[in-house]
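Q: Return a 3D structure for these sequence lines:
(chains A, B and C)
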Amino acid sequence: MKRAYALVDCNNFYVSCERVFNPKLEGVPVVVLSNNDGCIVARSNEAKAIPIPFAVPAFQCRETFRKHKVRVLSSNYTLYADMSRRVMDTLREFAYDMEVYSIDEAFLSLVGLEKERRGEFCSFLRKTVRQWTGIPVSIGIGETKTLAKVASKVAKKSDEGVFDIIDYPYADNVLEGMDVSDIWGVGPAYTKFLYRYGITTALALKKAPEPLVRKKMGVMGVRTVRELNGRSCFWIEPPQTKRKGILSSKSFGRPVESLKELNEAAATYVTRAVEKLRSQRSVASVFMVFILTNRFKEDYYSNSYLCRLPAPSAYTPDFIRAAQSAMKRIYKPGKKYKKVGVFIADIVPDDSIQMAVFEPGSYNTKRQELMAVVDRINEQWGSNVVDYAATGVKKGWRMRRRMCSPQFTTNWDELPEAS
DNA sequence: TCTGGGGTCCTAGGACCC
DNA sequence: TCTGGGGTCCTAGGACCC
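A: Presented below is the predicted three-dimensional model:
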């Protein structure tokens, strides 16, 4: 039986989430900004039509926003994560095999379905997701994941919202009309290289000589080319429960100069990262602390320090202490810092450290229990109900979110009101 | 004034071993 | 004159994704 994959892709996801709870946003141009109200990360179709480009800094578009009465929103990831869960739960009800690929995309296996059934099934999914969650989706169907991605781009522009490229007689025309940079796995660097060799369309990449691709794009490139030719190299992946690295960092709402505030921010991000570490039942003994000034300005400065704990741990105070002594080493006075971050590598499961639990300073049972209590309280009563003094009180450096919508679905105090 | 955050995988090169 | 070679592991960096 022929393989078939569907890619379900939410349309303008963040904008669609906002519209579910604020109908006034329907039919007008809407954009959603990244953290710290920095760049444009989502646009409604009306905003795309103006046109407003993707990923540009918001301050560069101020004039366009004003002229076209664009509704500008800060991102509300709590809301988007919850809406994503609803969409994925809906798909899971009907999927035979499924992979949540990102916050707004999922791959489904359609193996065993005939062509007409595939289309019917996907139209049904599309209608059901819309009814149950309010989120519009497009669905592309292909023999490989890469081709399903291609098909979803076509689906997005069609009225039906579903496009099946398997056995489609004009499939090569579709590929010919698609820029090579639109292919999954082809980013800016590879696009530049491919253009140099005259490979500018998806069809040209499909026919590109394998040795050349192998040499310049590695095995991933070869796999992409094979997938364009209908040979599967990527399959439905089981859910990834354990991260290999945990990064927590954010830009400041304003430049920060004092060591005190940098320490607070570092403690805040360490706390978040170690929380994530515990939530996946892991420990670590190595992590990196880094600081950066504004990279778009002269005098750019960045530095980092690798902290080593005496033993693998997920005890937050251990990490905070180490982070602050690291900060002392990398801090240079007189700089305007833009960002602090923490990266935990070297992650191992927490059941692999039993040998060390009786040594002093280790992640022993008592400390594990204390952390478990803190996590439970924060989960039940809201994060940061129990917090560490080192994370600061004023937190004047916190990121900007000037135009954020309420936590409609996850906070009792902010439920939408019907009138 | 204002330029995101959080991940993955692959590869080349060096260290080290026999 | 002649100065091994192959394997493994680790790391940093670069590419990609959303």
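Q: Would you mark the buried spots in the longest helix anywhere in chain A?
A: Ordering each helix of chain A by length in residues (DSSP state H) puts helix A:259-279 first. Buried residues in helix A:259-279, counted by 16 or more other CB atoms under 10 Å: A:261-278. For every residue, glycine as well, the C-beta is placed using N, CA and C.
Q: Wait, residue A:144 touches residue A:5, no?
A: Yes. Using CB atoms under 8 Å, residue A:144 makes contact with residue A:5 at a distance of 6.6 Å.
Q: residue boundaries of the strands in chain A?
A: In chain A, the strands defined using DSSP state E lie at A:5-10, A:30-33, A:40-43, A:71-73, A:98-102, A:105-109, A:137-142, A:162-164, A:246-256, A:282-293, A:302-313, A:337-344, A:348-349.
Q: Looking at these, which is nearest to DNA strand B?
A: Of all those, it is strand A:246-256 that lies closest to DNA strand B, at 3.4 Å by CB to the nearest atom of the strand.
Q: Please name the bridge partners of the residue in the stretch 301-419 of chain A that DNA strand C sits nearest to.
A: As assessed by CB to the nearest atom of the strand, DNA strand C sits closest to residue A:306 within the stretch 301-419 of chain A, at 7.3 Å. For residue A:306, the beta-bridge partners under DSSP bridges are residue A:288.
Q: Same question for residue A:31.
A: Under the criterion used (DSSP bridges), residue A:31 bridges to residue A:43, residue A:72.
Q: Any idea how many residues pack against the closest residue to residue A:232 other than its chain neighbours?
A: Nearest residue to residue A:232, sequence neighbours excluded (CB to CB, 6 or more residues apart in numbering): residue A:144, at 4.8 Å. Neighbour count of residue A:144, defined by other CB atoms under 10 Å: 25.
Q: Same check on residue A:352?
A: Residue A:352: 11 neighbours (other CB under 10 Å).
Q: Quick check: it vs residue A:310, distance?
A: If you measure residue A:352 against residue A:310 using CB to CB, to the nearest Å, the figure is 16 Å.
Q: Tell me the spacing between residue A:12 and residue A:162.
A: For residue A:12 relative to residue A:162 (CB to CB), the value is 17 Å.
Q: which one of those two has more residues nearby?
A: residue A:162 (26 against 23).
Q: Could you pull up the residues touching the closest residue to residue A:392 other than its chain neighbours?
A: Sequence neighbours aside, residue A:264 is the residue nearest to residue A:392 in space, at 3.2 Å (criterion: CB to CB, 6+ apart). Residue A:264 is in contact with A:390-392, A:395, A:397, counting by CB atoms under 8 Å, 6 or more residues apart in numbering.
Q: do that again at 7 Å, thanks
A: Residues in contact with residue A:264, defined by CB atoms under 7 Å, 6 or more residues apart in numbering, are A:390-392, A:395.
Q: Let's see the PyMOL selection covering just the buried ones among the residues you listed.
A: Buried subset of those, written as a PyMOL selection, criterion 16+ other CB under 10 Å:
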select buried, chain A and resi 390+391+392
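Q: What segments of the stretch 1-150 of chain A are helices?
A: Ranges of helices in the stretch 1-150 of chain A, per DSSP state H, counting those that start in this stretch, are A:13-21, A:45-49, A:62-67, A:77-94, A:115-133, A:145-157.
Q: Of all the ones you listed, which one comes closest to residue A:233?
A: helix A:145-157 (8.3 Å; CB to CB).
Q: which strands and helices sit next to the closest one?
A: Secondary-structure packing of helix A:145-157 (3 or more CB pairs under 7 Å, 6 or more residues apart in numbering; DSSP states H and E): strand A:5-10, strand A:137-142, strand A:162-164, helix A:171-176, helix A:210-228.
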